[in-house]
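J.: Here you go, sequence then predicted model.
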Amino acid sequence: MLSWLCKCVTAWSSGICDTDGCNLNFLLKWAWHRAQVLKENADRLAVSLFDYSGVVLDGNSQQLVNHCLKQIRNLSALFKFVIDKYLGFVLDPDEILSQFECLEVAYIYLEVLHWFQNVGLLPECALSNYPKVDEFDRIYAPYPVDDLVKYYSKRRTELNSCSMKKFGAKESLLFIDNLIEKECGAHHLQKQWEDDGGSGIYPPLSLQALMRSYLVENIKIKFKHHVVTYFLLDLVLTLQDKRYQSTIAHLIKFPSVFHLSPSSIKIIQSFWQIDHGNFEEGIRQLLDPIISSTDLKEWHHRLVLKTLLAQEQYNFALFYLQARRPAVTDLNDLCTIISLYIANNMVDEAFHFQRRHHHTDVSLKLLQHFFKECDKSGNIESILFLPLWPEEEEAFMKYLTDVNHSQRSYIQILYYTQRSRYVEAMKVNDSTNLVQFQNKGLQGKQLITDQDRIMNHLECISNPLSKTILDECKKFDVNTKRGTACTPLSVFVHNSEERIKYKSSLIEAALIKSREIWSIPTVNKKAIKNNDDIPFLCKLKAVLSPPKILSPMIDPRLKDSREESAEPPLKRFKPSSRLCSVHAFTRYF
C-alpha cells in the first residue's frame with residue numbers, strides 16, 4: 001500500500017491528472033484526514049488502560065490498536081517521502097512539515113503505549129489490586145507513585161539545603177529536573193503534568209501523565225525517551241520483589257528497543273546513580289569510554305561539579321574535572337572550579353587558574369571569589385605566600401576592608417613584613433590605635449597580641465640605621481609609592497628555574513657603615529615626599545660630565561702647495577762627548 005501511494009505521488013506531482021482532480025495536495029489532504037481518524041480510534045480503544053478499571057484489552061482490541069499504529073506509521077513515511085523529494089510541488093510546505101511532525105509524535109506515542117502494555121505496566125489500576133496476573137500468567141507491575149513523590153520531595157529538600165549552604169542560593173541539583181528544564185521545554189511539560197492533576201515536577205502523578213508527555217510539542221523525541229528511561233530506572237528500584245523479575249528484565253530493554261545510543265543510555269544511568277547518592281558508581285560510569293564527548297553538554301559538566309561540590313564529594317569532583325577537562329567559559333562555572341580547588345586545599349592551583357583569565361572581563365570577579373573562598377575555608381593566610389601583582393594586592397586589601405575582616409590589620413602587617421615593606425607595616429599598626437599592653441606589667445604582657453609581638457620583634461632585629469629611618473618616617477606623612485623610573489635600554493631575563501642569590505648581608509653592612517651620612521632634618525621639617533629623598537632608597541641617577549672642548553684637527557691657514565710638498569732639509573748630526581753632556585746638565589741647575 002505504501003509503495004503504491006508513493007507511485008501516486010510521483011505521477012501526480014507532474015500535474016498530468018489535475019483535470020481529473022487527482023493532484024498532490026488532494027492526496028496529502030486525504031492522508032492527513034485518515035491519520036486523524038486512526039488516532040481517534042486508537043485513543044478510544046485505549047481508554048480502559050488509564051481509567052483504573054484494570055480491564056485488559058482483548059485480542060481484537062489489541063489487533064485494532066496495532067492496525068492503527070501501522071497505518072499511522074505508513075502515513076508518516078508517505079509524508080516523509082513527499083518532504084524529501086516533492087516539497088516544492090505542494091501549496092503550503094510549512095503546513096506539510098507541521099503535519100509530518102504531528103504524525104511522528106502520534107506514531108511514537110502509540111508505539112510506546114503498545115510496549116507498556118506488552119511488558120505489564122498497563123492497564124493502570126489501584127495498588128490494592130496488585131499483584132495481578134493475566135490469563136497467560138503474566139504479572140502486571142504497579143506504579144508506587146506515593147513512594148517516589150515522598151523520596152524526591154525529601155531529596156530536593158536535602159539538595160536545596162546543601163546548595164544554599166555552599167553557593168548561597170537554591171539551585172536544582174537533580175539531573176531529571178535539569179533535563180526537563182534544559183531539554184524538555186520546562187513550562188510545556190510541567191503544564192502538561194499539572195493539567196493531569198500533578199504538581200508539575202517529576203515524578204508524574206500517573207502513567208497516563210507520563211505517556212501524554214509524548215504529545216507535548218516542541219520537544220525532541222529522544223529527550224522524551226530520556227525522561228521515560230529515567231522513570232523506568234526508578235520503577236525498577238521500587239520493584240524489588242522476586243515475582244517482578246521478569247517484568248524488570250523487560251523494563252531495562254526500553255532504551256535499546258527505541259534506539260537510544262549507548263552513550264546516551266550510559267549518561268542517564270550515571271546521573272541516576274549520582275541523584276541517588278551512589279557517587280563512586282556514577283563517576284565511574286560517567287568516565288566510561290563508551291560515552292561520547294559530543295553527548296556531554298555544558299550543563300552536564302556544570303551539574304556534576306556543583307552536585308558533588310555541594311555534597312562535599314570534593315575528590316570525585318576533582319577527579320571528574322581532571323579526567324574530562326570540560327571547556328569552561330561561563331563566570332559561574334569558573335567560580336565553581338575555583339571553589340573546587342580551594343575545597344581540596346589546592347590554593348596555588350586556584351590562584352593560577354584565575355590568573356589564566358586575567359585578561360577577561362570577569363578577572364576582578366574571579367579574584368574576589370578567590371579571596372572569598374579562601375576566607376570561608378580558613379586559608380586566608382595562604383594568600384600571603386602568593387606572588388601578587390600590584391592590582392591583585394590592591395584587590396586583596398580592598399576585600400579585607402570591604403568585609404571588615406576581624407584580622408585585617410594583622411594580615412596586612414604580615415603581608416608587608418614578608419615583603420620587607422616595614423614603613424607600610426608600621427603605618428597599618430599605628431592606624432589600629434592599639435593599646436601598648438607590654439608596658440602594663442604582667443597582666444598587660446598576657447594581653448599582647450600576635451600583631452604586637454611581630455612589631456616588637458621587628459624593632460629588635462632591625463639595625464640602628466633602619467631604626468632611625470623608621471622612627472623618622474613615622475614623624476612625617478611618608479608616601480612610599482614608587483616614582484616614575486626610566487626604562488632601561490636592556491634587561492636581563494631571569495630563568496625561573498635558577499635560584500636567586502640575595503646580597504642582604506652586604507646591603508645591611510653598607511647601611512650600618514653609612515649611617516653618618518644621614519642628616520637629621522632641621523626644625524623646619526618638610527614632609528618626605530617619596531623614596532627619592534631618602535639615601536640608599538632613592539633611584540640611581542646618572543651624572544653627566546661637562547663636555548670636552550676639542551682643539552681643531554685642521555689648520556685653517558692657507559698654504560702654498562709647493563710648501564706642503566717641499567720636504568724640510570735634514571739636520572746634520574753633531575757629535576758630542578759624554579763630558580759635554582754632564583757640563584750642560586750641571587749648568588742647567
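T.: Arrived safely, thanks for sending. All figures in this text were calculated on a predicted structure; none of them were measured in a lab. Residues are numbered from 1 along each chain as shown.
J.: contacts and neighbour counts: CA atoms only from here.
T.: Will do.
J.: What are the contacting residues of stretch 291-308?
T.: Under the criterion CA atoms under 8 Å, 6 or more residues apart in numbering, residues 173, 175, 262-264, 266-267, 314, 316-317, 320-321, 326-327, 333, 336-337 lie in contact with stretch 291-308.
J.: Give me the buried positions along it.
T.: 291, 296, 300-308 (16 or more other CA atoms under 10 Å).
J.: Let me see the contact set for residue 262.
T.: Residue 262 touches 290-291, counting by CA under 8 Å, 6+ apart.
J.: Next one: it, what pLDDT does it get?
T.: On pLDDT, residue 262 comes in at 96.
J.: do residue 490 as well
T.: 56.
J.: okay, how far is it across stretch 201-218, tip to tip?
T.: Using CA to CA, to the nearest Å, the span of stretch 201-218 from its first residue to its last is 18 Å.
J.: typed the wrong thing, it's stretch 253-271
T.: Termini of stretch 253-271 sit 18 Å apart (CA to CA).
J.: So which bits of that stretch are buried?
T.: Buried residues in stretch 253-271, counted by 16+ other CA under 10 Å: 254-255, 260, 263-271.
J.: picking up where we left off before, how about JSON lines for the buried residues of stretch 291-308, with secondary structure, pLDDT and distance to residue 166 added?
T.: Below are these laid out as JSON lines (DSSP: H, G, I helix; E, B strand; the rest coil; pLDDT from 0 to 100; distance: CA to CA, whole Å):
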{"residue": "291", "secondary structure": "coil", "pLDDT": "96", "distance to residue 166": "30"}
{"residue": "296", "secondary structure": "coil", "pLDDT": "96", "distance to residue 166": "25"}
{"residue": "300", "secondary structure": "helix", "pLDDT": "97", "distance to residue 166": "19"}
{"residue": "301", "secondary structure": "helix", "pLDDT": "97", "distance to residue 166": "18"}
{"residue": "302", "secondary structure": "helix", "pLDDT": "96", "distance to residue 166": "15"}
{"residue": "303", "secondary structure": "helix", "pLDDT": "97", "distance to residue 166": "14"}
{"residue": "304", "secondary structure": "helix", "pLDDT": "97", "distance to residue 166": "15"}
{"residue": "305", "secondary structure": "helix", "pLDDT": "97", "distance to residue 166": "12"}
{"residue": "306", "secondary structure": "helix", "pLDDT": "96", "distance to residue 166": "9"}
{"residue": "307", "secondary structure": "helix", "pLDDT": "97", "distance to residue 166": "10"}
{"residue": "308", "secondary structure": "helix", "pLDDT": "97", "distance to residue 166": "11"}
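J.: which one among those gets closest to residue 96?
T.: residue 296 (33.5 Å; CA to CA).
J.: What separation do you get for the closest one and residue 324?
T.: Counting by CA to CA, the gap from residue 296 to residue 324 is 10 Å.
J.: Which parts of this protein are strands?
T.: Ranges of strands in the chain, per DSSP state E, are 132-133, 139-140.
J.: Deepest-packed of those, please.
T.: Mean neighbours per residue, mean count of other CA atoms under 10 Å, is largest over the strands of the chain for strand 139-140, with a mean of 22.
J.: Show me what that strand is packed against.
T.: strand 132-133 (3 or more CA pairs under 8 Å, 6 or more residues apart in numbering; DSSP states H and E).
J.: so what's the one residue sitting closest to the centre of the chain closest to, chain neighbours aside?
T.: The residue lying closest to the centre of the chain (CA atoms, centre = their mean) is residue 333, at 2.4 Å. Leaving out its chain neighbours, the residue that sits closest to residue 333 by CA to CA, 6 or more residues apart in numbering is residue 302, at 6.5 Å.
J.: go on, residue 408?
T.: residue 400 (5.8 Å).
J.: What number of residues are in the vicinity of that neighbour?
T.: Using other CA atoms under 10 Å, residue 400 has 19 neighbouring residues.
J.: separation between it and residue 222?
T.: Distance from residue 400 to residue 222, by CA to CA: 51 Å.
J.: What of residue 457?
T.: Taken as CA to CA, the span from residue 457 to residue 222 is 71 Å.
J.: Neighbour count for the two, which is higher?
T.: The neighbour count for residue 457 versus residue 222, taken as other CA under 10 Å, is higher for residue 222 (16 against 11).
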